[in-house]
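Engineer: Below are the sequence and a predicted model; questions follow.
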Amino acid sequence: MVGARGALSDAALLDDAQVDAVVVAVAPPREAEDGVQPRAGTVDATVRYGVDLAELAERAGGRSFRGASGEVVRVDLPRAHAGSETRLPWAGLPPRILLLGVGAGTASDLRRAGAALARASRGLERVVSAATADAGPDGVRAFVEGYLLAAYAQPRQSGSSPSAAESAAEQLVLLTPEDRPDAATPIEAAQRAASATWLVRDLANVPSDVKDPAWFADRAAELADALGLDSTVRGPAELGAEGFGAILAVGAGSARPPRLVTVTYDPADHGVLPAGADVRHVVVVGKGITYDTGGLSIKPREAMVPMKTDMAGAAVALAVVLGAARARSDRRVTAVLPLAENHVGAASYRPGDVLRTWSGRTVEVANTDAEGRLVLADAIAYAVAELAPDVLVDVATLTGAASLGLGRGHGALFATDDAVADALEGAALSTGERVWRMPLVEDYAGALRSDVADLRHVPVESPGGGSITAALFLREFVGDVPWAHLDVAGPARATADRHEVVAGATGYGARLLLEALDRL
């Protein structure tokens, strides 16, 4: 739980015996300064109690601690022996101080500082911080987001009942100056954003023996019902009757058949806007491959291990529509989730097959491990024709080429509309979920020509730029709707903790798209 309280001079709070640690925000030294420097809001913990910050930092962290963003040093304060008449100058402080580097105090620095604090405070109950005392609302929000995102612990599947892993402090109290506005608003915004990311992580980390298309569809419907949102689930019979040939083909090799889920939030239905008001409609389509073996074009073993997260795009789309409802957005938002398991079986689709998609266009299959663009083709064409979006965004763990080109720190952004691209790039700067806009190279479009169908979904002779040709294929189904495609194959997964990112499914994209809603 995160909350704000009182003023920086609220000595009673610091003197409270139930406080386990006080956070002292530290900035790097400026020119002509010797050693690290306390930031605003730390005077109560330093001058009032006679704590020499520079000396503590040097003793605990050595010369390596310079107050850079995300650095943290824990200092356990010695106590006088029971019955001793000696009173140490810091006797009024909690038993430990956390020296927290906040760098220049930018939103990015504070997000990293919040993440570092979450990891450093594991096992504690109550931590008091004035690290955001001189920060505006954006800084407070970033700090709390970083704290909550790094506090996430992946659920364990266990036959026994081991003791729970230590989590971040149960309560983080932010001290605020008396003359500053209420900090509740940015804290609540941070909690909504982190909650959306946590949902994506939770869903993507569920093992695929549990998480099949039917399970995911049921979970999406339950979450939608809890918020009073409209949802529709199409099973195999409905998909066949309505012509979703690509989704059915991808899911044909599995004993667990596909689904197509739509979830809609309408601000008019929730009293945010009057009935009949002109409402912008944003549709988010998410790739939902609940497990990907590669099909008959089977993956190597090592590449198959993380494929339980291949539905991260669908989880992001679901989190965005739920987050829009919780924030009472004035945008109408619909999530479209094509869900399938790309498996190997007697009914598996084959390289060389020609599929008829929902749009009526036919596609020659070249590689069954490029299944994501097929299910998206059906879902995007359906969304464009039936949902009348003003803006359409799809998000998918689509191509290894995107992660090869950009690494794991950036999503690959493609767009047919500069305003849409600008909105997503601006949101990325705000949330720290970085994107890099990629070109839709017209010279590569010819690689999608087929001699036996309207399109080939993978080039015969690749011109390179695999993420670009994948985006060009999806563009064929968009029509004239302003569209953006976010390939998150790199940042959707991580092998180790780093700042606010955690190992496993990262939840990348949920905060980005929620932030972008009002900009689109």
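Structural biologist: Received the coordinates, thanks. Residues are numbered from 1 along each chain as shown.

Engineer: which SS state does Thr264 fall under?
Structural biologist: strand (DSSP: H, G, I helix; E, B strand; the rest coil).

Engineer: That one and Ala388: what is the separation?
Structural biologist: 12 Å (Cβ to Cβ, to the nearest Å). (Each C-beta comes from the backbone N, C-alpha and C, glycine too.)

Engineer: Gly251 too?
Structural biologist: Between Gly251 and Ala388 the distance is 27 Å, computed by Cβ to Cβ.

Engineer: just Leu149 next, same as before
Structural biologist: 35 Å.

Engineer: returning to what we had before: looking at Gly251 and Ala388, which one has more neighbours?
Structural biologist: Gly251 (30 against 11; other Cβ atoms under 10 Å).

Engineer: Phi, psi for that one please.
Structural biologist: Per-residue torsions, Gly251: phi -90, psi 0 (degrees, to the nearest 10).

Engineer: Give me the pLDDT value at it.
Structural biologist: On pLDDT, Gly251 comes in at 98.

Engineer: now Thr431
Structural biologist: 96.

Engineer: I figured it was touching Arg511, is that so?
Structural biologist: Yes. Judged on Cβ atoms under 8 Å, Thr431 makes contact with Arg511 at a distance of 4.4 Å.

Engineer: Give the residues shared as contacts by these two.
Structural biologist: 145, 193 (Cβ atoms under 8 Å, 6 or more residues apart in numbering).

Engineer: give me the low-pLDDT residue ranges for the stretch 51-200 of the chain?
Structural biologist: 51-64, 77-94, 158-170, 177-181 (pLDDT under 70).

Engineer: Which residue ranges of it form helices?
Structural biologist: 53-61, 107-120, 137-150, 184-205 (DSSP state H, counting those that start in this stretch).

Engineer: how about the nearest residue to Val393, chain neighbours excluded?
Structural biologist: In space, and not counting its chain neighbours, Val393 is closest to Ala484: 4.8 Å by Cβ to Cβ, 6 or more residues apart in numbering.

Engineer: ditto for Tyr152
Structural biologist: Closest to Tyr152 by Cβ to Cβ, 6+ apart is Val502, at 5.4 Å.

Engineer: Tell me the spacing between the one you found and Gln171.
Structural biologist: Val502 is 21 Å from Gln171, by Cβ to Cβ.

Engineer: next one: Ser231
Structural biologist: 35 Å.

Engineer: Looking at these two, which one has more neighbours?
Structural biologist: Regarding Ser231 and Gln171, a neighbour count based on other Cβ under 10 Å identifies Ser231 as having more, with 19 against 16.

Engineer: Surely that one is in a strand?
Structural biologist: Yes. The assignment for Ser231 by three-state DSSP puts it in a strand.

Engineer: Would you mind giving the secondary structure of the residue nearest to it when sequence neighbours are not counted?
Structural biologist: Closest residue to Ser231 apart from its sequence neighbours, by Cβ to Cβ, 6+ apart: Ala224 at 4.0 Å. Using three-state DSSP, the structure places Ala224 in helix.

Engineer: same check, this time on the one 4 residues further on
Structural biologist: Using three-state DSSP, the secondary structure recorded for Gly228 is coil.

Engineer: Quick check: phi and psi at the residue lying closest to it once chain neighbours are set aside.
Structural biologist: Leaving aside its sequence neighbours, Gly228 sits nearest to His270 (Cβ to Cβ, 6+ apart; 7.0 Å). When read as degrees, to the nearest 10, the backbone of His270 gives phi -110, psi 20.

Engineer: So His270 versus Glu500, what's the distance?
Structural biologist: Distance from His270 to Glu500, counting by Cβ to Cβ: 30 Å.

Engineer: With just CA atoms, put the longest strand belonging to the chain into CSV.
Structural biologist: In the chain, with assignment by DSSP state E, the single longest strand is strand 332-342. Below are the C-alpha coordinates for strand 332-342, written out as CSV (Å, rounded to 0.1, in the frame of the first residue of the first chain):
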residue,chain,number,x,y,z
ARG,A,332,-14.5,4.3,-26.2
VAL,A,333,-12.1,1.4,-26.1
THR,A,334,-12.5,-2.1,-27.5
ALA,A,335,-10.0,-4.9,-27.0
VAL,A,336,-10.0,-7.7,-29.7
LEU,A,337,-8.2,-10.8,-28.6
PRO,A,338,-7.6,-13.6,-31.2
LEU,A,339,-6.6,-16.6,-29.1
ALA,A,340,-5.1,-19.8,-30.4
GLU,A,341,-2.6,-22.5,-29.5
ASN,A,342,-0.1,-23.1,-32.4
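
Engineer: tell me the average confidence for that strand?
Structural biologist: 98.

Engineer: Which secondary structure elements does it sit against?
Structural biologist: helix 213-226, helix 245-251, strand 259-265, strand 281-286, strand 288-292, helix 312-326, helix 372-386 (3 or more Cβ pairs under 8 Å, 6 or more residues apart in numbering; DSSP states H and E).

Engineer: Partner strands of the next helix or strand after it and their direction?
Structural biologist: Next along the chain after strand 332-342, taking DSSP states H and E as the criterion, comes strand 354-356. According to DSSP bridges, strand 354-356 forms sheet pairs with strand 362-364 (antiparallel).

Engineer: End to end on stretch 124-142, go ahead and measure it.
Structural biologist: 22 Å (Cα to Cα, to the nearest Å).

Engineer: Show me which residues of that stretch are buried.
Structural biologist: For stretch 124-142, burial by neighbour count (16 or more other Cβ atoms under 10 Å) applies to 124, 126-133, 135, 137, 139-142.

Engineer: Among the residues you listed, which pair sits farthest apart?
Structural biologist: Greatest spatial distance in the buried residues of stretch 124-142: Leu124 and Pro137, 26.4 Å, computed using Cβ to Cβ.

Engineer: just checking, Gly101 touches Ala116?
Structural biologist: Yes. Applying Cβ under 8 Å, one finds Gly101 in contact with Ala116, separated by 7.4 Å.

Engineer: okay, the two: which has more neighbours?
Structural biologist: When Gly101 and Ala116 are compared for neighbours, Gly101 comes out ahead with 26 against 23, by other Cβ under 10 Å.

Engineer: And for the more buried one, nearest residue in space, chain neighbours not counted?
Structural biologist: Closest to Gly101 by Cβ to Cβ, 6+ apart is Glu71, at 3.5 Å.

Engineer: returning to what we had before: more neighbours, Thr431 and Arg511?
Structural biologist: Taking other Cβ under 10 Å, Thr431 and Arg511 do not tie; Arg511 has more neighbours (29 against 26).

Engineer: and the more buried one, what does it touch?
Structural biologist: Counting by Cβ under 8 Å, 6+ apart, Arg511 has contacts 145, 193-194, 196-197, 431, 433.

Engineer: cutoff 7 Å now
Structural biologist: Neighbour list for Arg511: 193, 196-197, 431, 433 [criterion: Cβ atoms under 7 Å, 6 or more residues apart in numbering].

Engineer: Likewise for Arg234?
Structural biologist: By Cβ under 7 Å, 6+ apart, the contact list for Arg234 reads 259-260.

Engineer: same thing but 6 Å
Structural biologist: Leu260 (Cβ atoms under 6 Å, 6 or more residues apart in numbering).
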